[in-house]
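Novice: Here is my input; please provide its structure:
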Amino acid sequence: MNPSRFTVILIPDSDDRNRQFSVRYVWIWSLVLLVVVIVIGVVGFGIYSVPKLRDYQIMQAKYDKAVTERVTVMNLMNDLQRMKFMDRQIRKSLGTDLGLDQKTTDSGELSQNVQLDENENLPVSYVENIPSQMPVEGFVTQRMNTSAFSTDQNHYGIDIAAAEGNPVLASASGFVVFSGWTYNLGNIVILYHGDGYFTYYGHHQNNMKKQRDFVKRGDVIALVGSTGITTGPHLHFEIWKEGNILDPLKFFPGYLESDVSPQFHEQN
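Specialist: Residues are numbered from 1 along each chain as shown. Sure thing, here's the model as predicted:
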């Protein structure tokens with residue numbers, strides 16, 4: 001006959017009465033099963049939660065990095081505003097306080113030289129400093145979009161697919177106000193052209209110009225790459241004027257001939 005209980009007998013050293021405890025086997029097995037379930041639950045929770053915790057830590061690190069970059073961009077925009085103010089002041093003073101010599105270039109274009117010091121002059125040209133040079137040859141894979149409900153989903157320029165390592169050209173003469181790396185656009189160069197114009201070039205393999213360099217229209221400022229958040233090598237290109245975003249396709253209609261963006265197919 002199979003016993004149904006488990007009995008424990010306690011025998012004291014003194015003459016006291018023996019004590020015994022009986023426990024049904026079903027309760028013992030239930031307790032063992034409960035312990036096993038708890039152990040399995042703890043192990044399973046650990047297997048499930050550890051990767052989630054790691055993902056959370058990665059996301060937190062990315063968030064902290066994004067916040068730091070946004071602060072950097074805000075500081076940069078403040079610097080750009082100050083530069084715009086300086087630009088207006090320079091234009092108000094042209095020919096008076098700065099003693100500028102007006103001349104005509106080989107192309108018949110009216111320009112002036114702002115004397116920075118005894119050995120360096122900064123050309124201020126009303127044609128050369130307007131974006132007029134296609135920064136890279138390639139196919140437009142995404143147009144500008146500023147109609148999204150969330151600003152994070154807006155696309156403030158065009159994407160131009162090109163072979164990795166192809167040269168990226170300055171679309172106009174100007175001054176390098178930023179040359180570095182950001183989380184979204186990877187290696188990026190920002191040029192200030194005067195008269196409120198700025199151009200952005202992103203996702204470079206390498207930046208060929210550094211901050212505070214002067215560039216001429218057509219100068220190589222970077223090489224096409226796929227740094228930052230991107231699915232392949234291409235150039236992200238933006239044009240701004242007085243804090244307003246401008247459509248690069250209106251400056252460079254030639255890109256419409258190589259437009260393979262989803263917006264182009266929707267229109268057709």
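
Novice: my read: residue 76 touches residue 178, true?
Specialist: Yes: the pair residue 76 and residue 178 passes the contact test of CB atoms under 8 Å, sitting 5.9 Å apart. Backbone N, C-alpha and C define where each C-beta goes, glycine included.

Novice: list residues touching both of these two?
Specialist: Common neighbours of residue 76 and residue 178, counting by CB atoms under 8 Å, 6 or more residues apart in numbering, are residue 190.

Novice: out of these two, which sits in the busier spot?
Specialist: In terms of neighbours (other CB atoms under 10 Å), residue 178 is the more surrounded of residue 76 and residue 178; the figures are 21 against 14.

Novice: SS state for the more buried one?
Specialist: Of the three states, residue 178 takes strand according to DSSP: H, G, I helix; E, B strand; the rest coil.

Novice: what's across from it in the sheet?
Specialist: Assessed by DSSP bridges, residue 178 has beta-bridge partners residue 190.

Novice: Quick check: pLDDT value at it.
Specialist: Each residue has a pLDDT score; the one for residue 178 is 93.

Novice: can you pull the contacts of it?
Specialist: Residues in contact with residue 178 (CB under 8 Å, 6+ apart) are 76, 188-190, 211.

Novice: Tell me where the model's unsure across this structure.
Specialist: For the chain, residues meeting the criterion pLDDT under 70 lie at 1-4, 6, 8, 15-16, 21, 25, 74-75, 77-127, 148-153, 264-268.

Novice: let's see 90
Specialist: Of all residues in the chain, those with pLDDT under 90 make up the ranges 1-37, 39-130, 145-155, 183, 194-196, 231, 242-243, 261-268.

Novice: which residues of the stretch 1-150 of the chain fall in helices?
Specialist: 25-93 (DSSP state H, counting those that start in this stretch).
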